[in-house]
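**Q** Please find the sequence and the predicted model below.
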Amino acid sequence: MITEDEKRFMLSWEHNRVRKHKWLWKLAAGLPLAVLLSLAIFVNFLSGWYTRAAMQINVDKSGILVVLVALVLIVVFVVVFSAHHKWDLNEQRYKELRAREKELK
């Protein structure tokens, strides 16, 4: 027996699955988590709690550029990975519900 909540999920996923698979939607879905993570890393980096790293940055200023590039790469990875994973979970749930619905008929 498929519950009402599962039926609503199936209808909404049938309607939105193609739209949510586009890369712009993936960017919007995973961006807050990625920005929060990279912001925390950057604040930790600038806080100066690790004196050896702070000394290294004072000697060579290109280290900040390396950190910024690394943060951008972290943001891109987290955004793409989390959005793709979320889409895969919803698609798997949809297929399982679809199979259960066909089995009951």
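**A** Looks like it came in fine.

**Q** Just want the most central residue of the protein.
**A** In the chain, the C-alpha nearest the mean C-alpha coordinate belongs to Ser82, at 2.8 Å (C-alpha atoms, centre = their mean).

**Q** doesn't Gly30 make contact with that one?
**A** Yes - Ser82 sits in contact with Gly30 when judged by C-beta atoms under 8 Å, with a separation of 4.0 Å. C-betas here are computed from N, CA, C, even on glycine.

**Q** For the lengthiest helix in the chain, enumerate the helices and strands it packs against.
**A** When every helix of the chain is counted residue by residue (DSSP state H), the longest turns out to be helix 62-104. Other elements packing on helix 62-104 under the criterion 3 or more C-beta pairs under 8 Å, 6 or more residues apart in numbering; DSSP states H and E are helix 4-20, helix 23-47, helix 51-59.

**Q** Against Ala53, how distant is the nearest residue to Ile41 once chain neighbours are set aside?
**A** Spatial nearest neighbour of Ile41, chain neighbours left out: Leu71 (6.3 Å); criterion: C-beta to C-beta, 6 or more residues apart in numbering. Between Leu71 and Ala53 the distance is 15 Å, computed by C-beta to C-beta, to the nearest Å.

**Q** swap in Glu103?
**A** Using C-beta to C-beta, one gets 58 Å for the distance from Glu103 to Ala53.
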